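Trainee: Provided below are the primary sequence and the corresponding predicted coordinates.
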There are 2 protein chains.
Amino acid sequence: MDKLFIIKIGGNIIDDEKKLLSFLKAFASIEGNKVLVHGGGKLATKMAEQMNVPQQVVEGRRITDGETLKIVTMVYAGYINKNIVAKLQMNNCNAIGLCGADGDAILAHKRKHAVIDYGYVGDVDGINAGLISNLLEKNLTPVFAPITHDQEGQLLNTNADTIAQELAKGMSNDFEVQLIYSFEKAGVLLDAEDDATVIPVIIPSYYKKLKAEEKIFAGMIPKLDNAFAALNSGVKKVIIGKAENLKELIAGKSGTSITNE
Amino acid sequence: MDKLFIIKIGGNIIDDEKKLLSFLKAFASIEGNKVLVHGGGKLATKMAEQMNVPQQVVEGRRITDGETLKIVTMVYAGYINKNIVAKLQMNNCNAIGLCGADGDAILAHKRKHAVIDYGYVGDVDGINAGLISNLLEKNLTPVFAPITHDQEGQLLNTNADTIAQELAKGMSNDFEVQLIYSFEKAGVLLDAEDDATVIPVIIPSYYKKLKAEEKIFAGMIPKLDNAFAALNSGVKKVIIGKAENLKELIAGKSGTSITNE
């Protein structure tokens, strides 16, 4: 099977123009099949302030009301997505920017929650692997903004980590998929403040031990649980590490590799 | 050769949610190959006001400074484009939203003008017919926002009429193209205030006569000049008419048909 890299880039890199350009240059230079998934960064919050749209946060989660949906659609699927595409084109990578509605790429539904109404937030049901394979065959590089739709005309704000994971799972029948979460840290760390304490490899038995000994930063546990879920759905490898080291992450020379073996 | 409809929808329809939905339903029901090109409407101006970004207009043309480019990218390529795509998906039309940077679909350069600096405005050099043919072959319906790029990382604000015309010209080697400009008027009118005075067919000799007798509304002349230029570049037919009559326009039962024969 052909290799496919699905790479998620975190919001804080998107907020830093210089780091973003350097990341996109490295991304463009990856040979073969690749997909980029980007988050939103702080621009949507800034835009909401500028437009006097108050942001509701319940239990640490932003509530996506109608006005907020409009803002994230503009910022994520418009400004950020198209700027990333233009910069990749500049670096000879034939990028094509998509949200989940485009080509019906991602199937989602509005989140139902017994207590909290999250508003226009999407939970992903699956992906359109055929569409993405067709684009990759034509040497196009899909760039996903974290907006999906419900197939009934409603756009939905959707977590970019989840989109990356669902894409990785959905493409695993046709490709040997590596899922890379690139962010500001060097990987999964034993000491959250010290990049030198990065754990190079985590296999299930070691993860169990790390969790039992409470050696993993709590915020990292959902990411790792998701990583193992992805592996169990056919993804070959999950790598977590620093966006600035993208080439080394791809080569397995940096970050944390999460595998079943 | 297969038929291809390239349909431009004007800004005033985009501003009217009910009319837009009805238009999109009619568009979705067109069988075979089709491409939609949309303008911007008043939303970008409204957004600029809300964000306190002053809009400069020189000789009736908006100057696209950096902040204005950001707004039009957000509004045209983000909010409007993705909402149109979601609504077409709802109507079982497998739409894919694009700007000129996506898949390098439209090649443009920043406008150079001896006197006026229009800012980040793009003039179109050509289109990527291969990409669009590939998408159409996969039963995807491209939906273009009027934003292009210069292949050097710069997005550019671009006239939607021009994009529609360039797409029509560029696709004419591979398809029998009909270019449809749908807007608020019933077609080319002898009396601009009276929809009943629509001219059903204009051929070059008749156009010459109409212009000589000053029977054509001045604002319509650039549109008609462009229409004849498109015909001379291989486009089969250009139709101008009311967006609400899209099905009748396609069937040649409404609007003004502009042909060389």
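Mentor: Now that the structure is in, tell me what you want to look at.

Trainee: What about the residue in the stretch 51-200 of chain A positioned nearest to chain B, how many residues nearby?
Mentor: Closest to chain B within the stretch 51-200 of chain A is A:Gly78: 2.0 Å, counting by CB to the nearest CB. The way it works is simple: take the backbone N, C-alpha and C, and place the C-beta from them, glycine included. When neighbours are counted by other CB atoms under 10 Å in any protein chain shown, A:Gly78 registers 31.

Trainee: go on, the one 10 residues further on?
Mentor: Neighbour count of A:Leu88, defined by other CB under 10 Å: 23.

Trainee: need the contact list for it.
Mentor: A:Leu24, A:Phe27, A:Ala28, A:Leu36, A:Asn94, A:Ala95, A:Thr141, A:Val143 (CB atoms under 8 Å, 6 or more residues apart in numbering or on different chains).

Trainee: residues contacting the fifth one?
Mentor: With CB under 8 Å, 6+ apart as the criterion, the residues that contact A:Asn94 are A:Leu88, A:Asn139, A:Leu140, A:Thr141, B:Gly103, B:Asp104.

Trainee: so which of those would you say is closest to A:Lys236?
Mentor: A:Thr141 (19.5 Å; CB to CB).

Trainee: Can you give me the pLDDT of the closest residue to that closest one other than its chain neighbours?
Mentor: Leaving aside its chain neighbours, A:Thr141 sits nearest to A:Ala95 (4.8 Å; criterion: CB to CB, 6 or more residues apart in numbering or on different chains). For A:Ala95, the pLDDT comes out at 98.

Trainee: now the one 3 residues further on
Mentor: Reading off the per-residue confidence, A:Leu98 sits at a pLDDT of 98.

Trainee: Return the backbone torsion pair for it.
Mentor: phi -140, psi 150 (degrees, to the nearest 10).

Trainee: so it sits right up against A:Ile147, yeah?
Mentor: No. Applying CB atoms under 8 Å as the test, A:Leu98 and A:Ile147 come out as separate, 9.5 Å apart.

Trainee: Between the two, point out the one with more neighbours.
Mentor: A count of neighbours by other CB under 10 Å puts A:Ile147 above the other of A:Leu98 and A:Ile147, at 32 against 29.

Trainee: for the more buried one, what are its contacts?
Mentor: A:Val72, A:Thr73, A:Tyr76, A:Ala77, A:Cys99, A:Gly100, A:Ala101, A:Leu155, A:Leu156, A:Asn157, A:Thr158, B:Lys82.

Trainee: The first one and A:Thr64 touch, don't they?
Mentor: Right, A:Val72. Yes. Assessed by CB under 8 Å, A:Val72 is found in contact with A:Thr64 at 6.9 Å.

Trainee: which one of the two has more residues nearby?
Mentor: Legend: neighbour count by other CB under 10 Å for A:Val72 and A:Thr64, higher for A:Val72 (29 against 25).

Trainee: Phi, psi for that one please.
Mentor: Here is the backbone geometry of A:Val72 (degrees, to the nearest 10): phi -70, psi -30.

Trainee: Could I get the full set of strands for the stretch 151-261 of chain A?
Mentor: Under the criterion DSSP state E, counting those that start in this stretch, the stretch 151-261 of chain A contains strands at A:155-157, A:176-183, A:201-202, A:237-242, A:256-258.
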